[in-house]
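*Asks:* Give me a 3D structure for the following:
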Amino acid sequence: MMTTRRDFLIRSGATLATAATTAATTAAMTGLPRLARAATAGLPELRAQKAQVQLAPEGYPQTAIWGYGGALPGPELRLAQGARVQRRFVNDLPQASTVHWHGVRLDNAMDGVPGLTQAAVAPGDGFDYDFTAGDAGTFWYHAHERSVEQVARGLYGALVVEEAEAPDVDADLVLVLDDWLLDPETAQIDTDFEAPHDRSHAGRRGNFVATNGQQAYSRDVATHDRLRLRLINAANARIFVLDVAGMEGWTIALDGMPLPAPTPLTEPVLLGPGQRADLIVDITAEPGEVAQLLRFDSRDGVSQAGFPVTGQSARSRRPAPAALPPNPRMGVTLDADTAALRLNMEGGAMGRLDAAILNGTRRTFRELVEANEFWSFNGVVGMPDAPLATLARGQTATLEIRNDTAFPHAMHLHGMHFRELDDTGAATGPLRDTLLMAGGETRSIGFTADNPGDWMFHCHMLSHAASGMMTWLRVA
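*Replies:* Numbering: from 1, shown residues only. Next up is the predicted model:
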């Protein structure tokens with residue numbers, strides 16, 4: 001059965017505080033990554049570089065980060081549906097890196113997964129990303145090499161693809177939510193990115209929470225203003241439990257994909273790492289009050305973003321918004337040729353994993369712990385040589401996922417979206433690219449393998465991915 005938000009809060013408890021493309025089939029079957037291409041002059045630049053920002057409140061030192069363009073978040077890329085995204089990625093970091101375009105259904109060679117779709121871009125080198133944004137919605141981009149470190153240092157930004165007919169709102173705002181693990185004296189990022197506790201428990205969780213790199217994000221509004229809030233969870237492991245005060249609203253899209261009809265905000269919004277939600281909210285607070293996007297780390301809500309009401313809009317209250325126009329290829333119709341797949345997740349602290357295969361050799365759990373590896377998919381730790389499945393282009397598949405661990409996991413599928421199966425086995429859930437699962441749950445998803453290439457499937461609690469929770473699918 002599908003888990004309600006309330007069920008998830010109860011069951012998760014304390015853990016909530018937590019070219020190888022098939023364009024050339026022969027080349028794809030070798031499993032060798034496409035070489036990083038030299039950047040081409042003339043494309044707009046997306047440069048990964050070191051920077052200093054005032055992340056902690058005034059009075060604390062600036063924090064050293066890695067950011068695209070030296071900004072936090074990176075530049076907001078906003079374009080029309082059907083337009084091309086063209087960026088020359090330049091790596092000015094001391095580590096190799098890539099850019100993954102999270103949630104975008106794009107050509108496999110542009111997906112940014114080192115070792116699977118391209119080689120990592122070495123320091124001083126570049127790579128041209130060029131693809132068409134066929135879906136309207138809220139997406140984001142982030143580093144996918146040593147991502148548990150590079151994302152934690154600030155390498156991410158928003159990608160907004162606008163509908164041809166956008167909803168009537170007074171402001172369209174991107175809110176990138178993140179937490180940071182900072183030294184409380186120096187305000188510098190904790191550099192222990194391989195801490196065994198993080199890798200074996202709920203993941204790397206920060207002690208400083210921010211919106212768009214600001215501790216006290218604020219935007220002036222007026223009573224009866226209508227806002228579109230594009231929420232992006234860029235945190236390594238934190239699950240954001242969100243609600244609104246001084247406003248009423250609707251969820252209109254999840255993970256970039258429009259809902260059939262706006263859903264009233266009657267329950268908290270859960271955002272696992274990598275997930276997004278588009279809300280339309282109407283300000284109901286009066287002048288002099290502050291409307292709030294609230295975050296619940298426990299039973300008490302704290303402000304994630306504030307909206308001081310400075311006046312009264314000339315417009316009166318409006319009716320509920322209409323649904324967004326659908327994106328192409330949103331249907332998932334299962335048939336007799338549907339492939340039935342299974343994924344069993346094991347390991348972690350308080351888990352029941354006795355042994356698993358690491359680098360081709362079966363290891364006891366004690367040996368895995370000594371190697372700082374803690375999680376397995378179907379008995380294999382880390383990215384396997386063989387795909388979880390090879391599917392024909394256009395074939396549908398179901399995937400039963402059993403979370404046989406004590407912790408939540410946010411399972412992200414690259415290159416395609418899926419729908420959760422209902423009690424009858426039909427794929428009727430919202431179209432998403434990331435599934436948030438509580439410990440002990442078994443859930444099933446269905447999808448159409450309509451995008452050729454090799455696609456990663458992993459936990460977006462990035463410490464979990466780094467310590468075993470990775471696999472991949474091939475669409476032939």
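*Asks:* what about Pro287, how many neighbours?
*Replies:* When neighbours are counted by other Cβ atoms under 10 Å, Pro287 registers 11. Any C-beta I mention is one placed from the backbone N, CA and C, and that applies to glycine too.
*Asks:* swap in the one 5 residues further on?
*Replies:* Per other Cβ under 10 Å, the neighbour tally for Gln292 reads 19.
*Asks:* how about the nearest residue to it, chain neighbours excluded?
*Replies:* Ala245 (4.5 Å; Cβ to Cβ, 6 or more residues apart in numbering).
*Asks:* just Ala51 next, same as before
*Replies:* Ala51's closest residue in space is Gly70 (Cβ to Cβ, 6+ apart), at 3.6 Å.
*Asks:* State the helix or strand in which that neighbour lies.
*Replies:* Here Gly70 sits in a region with no helix or strand, counting by DSSP states H and E.
*Asks:* Quick one: residues contacting it.
*Replies:* Arg47, Gln49, Lys50, Ala51 (Cβ atoms under 8 Å, 6 or more residues apart in numbering).
*Asks:* Narrow these to those in strands?
*Replies:* Arg47, Gln49, Lys50, Ala51 (DSSP state E).
*Asks:* Reformat the contacts of Gly70 as JSON lines; add distance to Arg78 and pLDDT.
*Replies:* As requested, the contacts of Gly70 are exported to JSON lines (distance: Cβ to Cβ, whole Å; pLDDT from 0 to 100):
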{"residue": "Arg47", "distance to Arg78": "19", "pLDDT": "98"}
{"residue": "Gln49", "distance to Arg78": "22", "pLDDT": "98"}
{"residue": "Lys50", "distance to Arg78": "26", "pLDDT": "98"}
{"residue": "Ala51", "distance to Arg78": "22", "pLDDT": "98"}
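*Asks:* Name the nearest of those relative to Arg146.
*Replies:* Nearest to Arg146 out of the contacts of Gly70 is Lys50 (Cβ to Cβ; 15.2 Å).
*Asks:* Around the closest one, how many other residues sit close by?
*Replies:* 14.
*Asks:* Gly74 versus the most centrally placed residue in the chain, what's the distance?
*Replies:* Most central in the chain under Cα atoms, centre = their mean is Gly274, positioned 1.4 Å from the mean C-alpha point. Distance, Gly274 to Gly74, using Cβ to Cβ, to the nearest Å: 16 Å.
*Asks:* Which strands or helices does the helix or strand harbouring Leu175 pack on?
*Replies:* Applying DSSP H and E as the criterion places Leu175 in strand 171-180. In terms of contacts (3 or more Cβ pairs under 8 Å, 6 or more residues apart in numbering; DSSP states H and E), strand 171-180 is packed against strand 156-162, strand 208-211, strand 226-233, strand 301-312.
*Asks:* Mind doing that once more with 10 Å?
*Replies:* Packing partners of strand 171-180 (3 or more Cβ pairs under 10 Å, 6 or more residues apart in numbering; DSSP states H and E): strand 137-143, strand 156-162, strand 208-211, strand 226-233, strand 240-245, strand 276-283, strand 290-296, strand 301-312.
*Asks:* I'd like the ones you listed as TSV, with distance to Gln150 and mean pLDDT appended.
*Replies:* Below are these laid out as TSV (distance: least, Cβ to Cβ, whole Å; pLDDT from 0 to 100):
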stretch	distance to Gln150	mean pLDDT
strand 137-143	4	98
strand 156-162	9	98
strand 208-211	17	98
strand 226-233	17	98
strand 240-245	21	98
strand 276-283	20	98
strand 290-296	25	98
strand 301-312	24	96
